[in-house]
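Participant: sequence and predicted model, in that order:
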Amino acid sequence: MENQKLPNATPVLVLGIISIITCCCYGIVGAIAGIVGLVLAKKDLALYNENPSAYSNYNNLKIGRILCIVGIVLSILYIVYIIALISMFGMETLQDPQVLQEKIREMMGK
């Protein structure tokens, strides 16, 4: 009997890569892709644990799961960064580059 492939291993890997690449899109896209990837990985992990010798691409699932976790962490960090910027400078300041430069100069003492 030939080993089967886990059905969601490749999509989990792709979603992990997407979550890392898009973590700077205000953190939302990367977090969503990472969470969806983790849900799919959980399903495949349960399938793999039932019969480990029947599947051949467990490494792709493992790597994809790790990438999803890293993407979620980076997305959360970026969301926290955006919230910190908004709380420090305000939304109006972030939308106007000249006012933002003036605020940064004030903070630097120049």
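Facilitator: Received it, and whenever you're ready, just let me know what you need.

Participant: mind listing what the most centrally placed residue in the chain touches?
Facilitator: Nearest residue to the geometric centre of the chain (Cα atoms, centre = their mean): Gly71, 2.4 Å. Contact analysis of Gly71 by Cβ atoms under 8 Å, 6 or more residues apart in numbering lists Gly16, Ile18, Ser19, Ile20, Thr22, Cys23, Gly30, Ala31, Ala33, Gly34, Gly37. Yep, even glycine has a C-beta here, placed from its N, CA and C like the rest.

Participant: make it 10 Å
Facilitator: Contact analysis of Gly71 by Cβ atoms under 10 Å, 6 or more residues apart in numbering lists 15-23, 27, 29-35, 37-38.

Participant: burial count for the closest residue to Ile79 other than its chain neighbours?
Facilitator: Spatially, and ignoring its direct neighbours in sequence, Ile79 is nearest to Gly27 (3.8 Å; Cβ to Cβ, 6 or more residues apart in numbering). Here the number of neighbours of Gly27 (other Cβ atoms under 10 Å) works out to 22.

Participant: quick one, phi/psi of Gly27?
Facilitator: The phi/psi pair for Gly27 (degrees, to the nearest 10) reads phi 80, psi -20.

Participant: now it: how far from Asp44?
Facilitator: Applying Cβ to Cβ, to the nearest Å, the value for Gly27 to Asp44 is 26 Å.
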